[in-house]
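In: just the structure for this:
(one chain, ligands or ions: 1)
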Amino acid sequence: MSKSAPPPVDPQPGVRPLTDREFEKISRLAYEKFGLELKPGKQELVSARLGKKVRAAGFRSFEQYYQSVVADSTGESLIQLIDALTTNFTDFMREPAHFDFLRNEALAGWAKRDRVRIWSTACSTGEEPYSIAFALLDALGNASRPRLEIVATDISSRALQHAHRGIYQAARLANLPAAWQRAFLLRGDGKWQGQYRVKPEVAGLVQFRRLNLIEPFSHPEPFSVILCRNVMIYFDRPTQQKLVRQLASQLEPGGYLLIGHSESLTGIDHPLSYVRPTIYRRSGS
Ligand SMILES: C[S@@+](CC[C@H](N)C(=O)[O-])C[C@H]1O[C@@H](n2cnc3c(N)ncnc32)[C@H](O)[C@@H]1O
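Out: Numbering: from 1, shown residues only. So this is what the prediction gives:
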C-alpha cells in the first residue's frame, strides 16, 4: 500500500483557508496602519493567529473578517488585529544591561536635576516601565531628587490594561531581587495569593497611554531617556528611519535612546551618536 501525504490541516474548522488575495489585503492593512511588515512566508502565521478570531466572530472567511475590521470606525478591531499578529512578550529587567546603565551611568549625570522624564515606547504589560522605576528608586535610596516621571505607551489596549493594573503572578518576578519585591510590590493574600501588585506610590510614577509609533507624535516636554526595545523588529527600514528621527526629536540634549539587543540602527540615517551597542545619545548636555 502506498503512503499518501496527509491532507492539509484545516487551521480553523468551518473557516475557508486564507487565500493569497486575503493575505495581501491583510498585509497591506497591517503595514499602512501599524508599519507591520508581513513578508510572503508569514501566510501560515496570519492564518493561525487570525483564524481564531475569524472563527470566534462567526465568519466563514478571512475576507468577511477583513471587511468587519475595516468597517469598525472605533479602530478597536484594528488594534485587536495587530495584537494578534505581534507578541507582547516582555519581562521584568529584560536585557538587564540597560537598567545597570541607567543606575550606574545616566543617574550620575542627573545629580543636580529636579526631575527626569523617561519614555517606555512599547511598554507591553508594564514590566519595562516598572523595572525602570524599581532600578532607579533603588539606586536613589533616600534621595528625593531627581523626581521620576515615566511615560509608558503601547498600541495594545489589552496590554495597557494589564500594565495599568500592575498585578503580576509571583513567577513573573524571578528577575527581581527579593529586597525590591519587598520595597516596591505588595504581596496578595486570600484570593490574591500568588499575585503581587506594584505599590501605589511606585505605580503613580508611571503614566500609561495608547500611542501608535508609526503615527506622528509629539510630547509637550522632551525626555532624558527613551526606550524603544523589541518593537522596531516589526517595521521595515523606511518606517524605522522615520520612527528613529521622531524619537530623536523628543530627546533633550544629552538624552539617550535605548533599543533592543536584537535591533540596530545600522543603515538608518539619524542625528544621534553611538555610545555602545543599543545605546545612542543626542548631542549637547
Ligand atoms: C515584544 S513587545 C516589547 C515589550 C518591551 N519593550 C520589551 O522589550 O520587553 C512589543 C510591543 O510592541 C507593541 N507594538 C507593536 N506595534 C506597535 C506600534 N505600531 N506602536 C506602538 N506599539 C506597538 C506591541 O503591542 C507589544 O506590546
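In: mind listing what the helix or strand that L186 is a member of pairs with, with the direction of each?
Out: Using DSSP states H and E, L186 falls within strand 185-187. Next to strand 185-187 in the sheet, as set by DSSP bridges, lie strand 195-198 (antiparallel).
In: got any ranges where this protein has weak pLDDT?
Out: 1-11 (pLDDT under 70).
In: list the contacts for the residue nearest the centre of it?
Out: Centrality entry for the chain: nearest residue to the mean C-alpha point is A122, 2.6 Å, by C-alpha atoms, centre = their mean. By C-beta atoms under 8 Å, 6 or more residues apart in numbering, the contact set of A122 is T153, D154, I155, L213, C228, R229, N230, V231. Bear in mind the C-beta positions are built from the backbone N, C-alpha and C, glycine included.
In: between those, which is closest to Q161?
Out: D154 (10.3 Å; C-beta to C-beta).
In: which stretches in the protein count as helices?
Out: 20-34, 43-56, 62-71, 76-85, 97-101, 107-109, 127-140, 157-165, 178-184, 200-203, 237-249 (DSSP state H).
In: single out the most deeply packed of those.
Out: helix 127-140 (a mean of 22; mean count of other C-beta atoms under 10 Å).
In: now for it, which elements pack on it?
Out: Contacts defined by 3 or more C-beta pairs under 8 Å, 6 or more residues apart in numbering; DSSP states H and E place helix 127-140 against helix 97-101, helix 107-109, strand 115-120, strand 147-154, helix 178-184, helix 200-203, strand 206-210.
In: is it up against the ligand anywhere?
Out: Yes - Helix 127-140 reaches the ligand (C-beta under 6 Å from any ligand atom) through E128.
In: would you turn the helices and strands packed on helix 127-140 into JSON lines with distance to R172?
Out: Below are these laid out as JSON lines (distance: least, C-beta to C-beta, whole Å):
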{"stretch": "helix 97-101", "distance to R172": "16"}
{"stretch": "helix 107-109", "distance to R172": "26"}
{"stretch": "strand 115-120", "distance to R172": "17"}
{"stretch": "strand 147-154", "distance to R172": "17"}
{"stretch": "helix 178-184", "distance to R172": "11"}
{"stretch": "helix 200-203", "distance to R172": "16"}
{"stretch": "strand 206-210", "distance to R172": "17"}
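In: and of those, who's closest to the ligand?
Out: Among those, the nearest to the ligand by C-beta to the nearest ligand atom is strand 147-154 (4.8 Å).
In: so what's the gap between that closest one and the chain middle?
Out: 13 Å (C-alpha atoms, centre = their mean, to the nearest Å).
In: now do stretch 181-198
Out: 24 Å.
In: quick one: terminal-to-terminal distance for it?
Out: With C-alpha to C-alpha, to the nearest Å as the measure, stretch 181-198 spans 9 Å from end to end.
In: so which residues on the chain come close to the ligand?
Out: By C-beta under 6 Å from any ligand atom, the residues of the chain that approach the ligand are 34-35, 82, 86-90, 94, 122, 124, 128, 154-156, 159, 212-214, 229-231, 234, 260.
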